[in-house]
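Student: All I have is the shape, not the residue letters:
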């Protein structure tokens, strides 16, 4: 378990690794990974115990997941270098059961919260004390299956499940609030019977506070983590383009340079 | 088969205590005792089949054997991607139970029928489809599923009542011998042959297929086809993707090409009208005079 003061340097390393992965692969979804880099870093290095599970429902951010897992020594750097290449296990969305700590292939949105609910239910039936974490995007709250999961989690009182919404406010083809408005999201989730916390999803101090608050959670918990898609990608952040476009060399070099500081 | 199913589940609970039974809010007058026996391992997941199937995938990942139960279309077609991604791609032992395949829900109408389930389910990776024929098949199918650590789909329907001694549940079973023609069927619809005049019925060699995908074809059946050169398939399922399409390649591979090959299957709603299961079977030519005519045509 890392001290919160160590996390800024860890997340820099995580970001540098996945930016290199994306750059070498000439791949998109960079904005999605930058959006939740602090979320996954905090979970893995400051919150999750060894037996806890994480479901990354927004599977398109697989690169940050792989990078965090590599940072933790679960995925080798050699394996990381196979990202996007023929014959890799590291597909653009998480694969089926080939990597420790990635219980399920994700990528089709709206599955992850039910996967986490099932794991949390299994924990209850086994009477173990694991925590189950699930990171979803905000766009996938459009999916009806997400709301089926919300109702189920409340019905089963799965207070061992912690749902983090990466609230970057951008989805596939525009801003969430102009496509399928989600706000007031706090009130909606409160009405469904969850403990709702809202934080700056790039701020480790905020995360430390909600972690402390969660010690006493009696209800299922959702953390709405306000984030910026493409966070730190100058000229591209909070733009739809950062979801799809790969980096050019100068963009890559500029971001890597910023992360050296 | 609903009662046999509930009894089978209860009877096997002490032998396989890792079972979890999840219903999509179905089970009135059928699953009350299952709920009592399974206690906290019985979950009513509500009318939310997508979540139900994915939750089951996670329970299976954790070492449980989850059953998911609803009316056939609601537990197969509604959560189809959840079945593919979360259950089948991960090859997890989720046991899907669909009540009333084919026209089983009769006058309830087309939304409650399922003439696409065998085709839709048998093409999913790692999935095995089980179609019981007679009531004694149900418990045997349950035990088969509990011993098969992969995804399964069980299609429940009203069981056929037949006079012949039936071999235990298996992929292929010969029901009776005959030299005039070979009939291959799936599910209780095959029982409609019993309504044929006895002199016609006695001419038929009858085989039932109960597990899909079909992986082989018995040599004895190939020989029978080579002898009589007449084959009829009968299924309460769409002509696309079901029994006929599963079996025909094996006839071809074994050069057992019949000179007469008739396929009877669910034809949907030709008149646009609705009735009970038998009525729909008759409209599709799976029962009654139309079935008799097809069999006579086969034998001539």
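Tutor: Cool, the structure landed. Fair warning: this is a prediction, and the values are worked out from it, not measured in the lab. Numbers count the residues shown, from 1 in each chain, chains lettered A, B, ... in the order given.
Student: Please spell out which residues along stretch A:136-156 are buried.
Tutor: By 16 or more other C-beta atoms under 10 Å in any protein chain shown, the buried positions in stretch A:136-156 come out as A:136-143, A:145-156. Using the backbone N, CA and C atoms, a C-beta is placed for each residue, glycine as well.
Student: I figured residue B:246 hits residue B:210, correct?
Tutor: No - under the criterion of C-beta atoms under 8 Å, residue B:246 makes no contact with residue B:210, lying 11.9 Å away.
Student: where does chain A have its least confident helix or strand?
Tutor: For chain A, scoring each helix and strand by mean pLDDT, DSSP states H and E identifies helix A:241-244 as the least confident one, at a mean of 94.
Student: chain center to the following helix or strand past that helix: distance?
Tutor: Of the helices and strands lying after helix A:241-244 in sequence (DSSP states H and E), the nearest is helix A:249-260. Centre-to-centre, helix A:249-260 and its host chain are 23 Å apart (C-alpha atoms, centre = their mean, to the nearest Å).
Student: What is helix A:249-260 packed up against?
Tutor: helix A:7-25 (3 or more C-beta pairs under 8 Å, 6 or more residues apart in numbering or on different chains; DSSP states H and E).
Student: Now the helix or strand following the helix it packs on: buried residues?
Tutor: Next helix or strand after helix A:7-25 toward the C-terminus (DSSP H and E): helix A:30-42. Judged by neighbour count (16+ other C-beta under 10 Å), helix A:30-42 contains these buried residues: A:30-42.
Student: mind listing the strands for the stretch 151-300 of chain B?
Tutor: B:152-156, B:172-176, B:181-186, B:204-209, B:211-212, B:230-238, B:260-266 (DSSP state E, counting those that start in this stretch).
Student: Same list, those, but as CSV with mean neighbour count and mean pLDDT please.
Tutor: Conversion of those to CSV gives the following (neighbours: other C-beta atoms under 10 Å in any protein chain shown; pLDDT from 0 to 100):
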stretch, mean neighbour count, mean pLDDT
strand B:152-156, 27, 98
strand B:172-176, 19, 96
strand B:181-186, 26, 98
strand B:204-209, 25, 98
strand B:211-212, 22, 98
strand B:230-238, 27, 98
strand B:260-266, 20, 98
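Student: Same list, the ones you listed, but as JSON lines with distance to chain A please.
Tutor: Conversion of those to JSON lines gives the following (distance: least, C-beta to the nearest C-beta, whole Å):
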{"stretch": "strand B:152-156", "distance to chain A": "18"}
{"stretch": "strand B:172-176", "distance to chain A": "32"}
{"stretch": "strand B:181-186", "distance to chain A": "31"}
{"stretch": "strand B:204-209", "distance to chain A": "30"}
{"stretch": "strand B:211-212", "distance to chain A": "23"}
{"stretch": "strand B:230-238", "distance to chain A": "26"}
{"stretch": "strand B:260-266", "distance to chain A": "29"}
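Student: per-residue confidence for the spatially most central residue of chain B?
Tutor: For chain B, the residue lying nearest the average C-alpha position, counting by C-alpha atoms, centre = their mean, turns out to be residue B:131 (2.5 Å). Looking at residue B:131, its pLDDT stands at 98.
Student: Determine the number of other residues adjacent to the residue nearest to residue B:284 when sequence neighbours are not counted.
Tutor: Take residue B:284 and drop its neighbours on the chain: the residue closest to it by C-beta to C-beta, 6 or more residues apart in numbering or on different chains is residue B:267, 4.4 Å away. Using other C-beta atoms under 10 Å in any protein chain shown as the criterion, residue B:267 is surrounded by 14 other residues.
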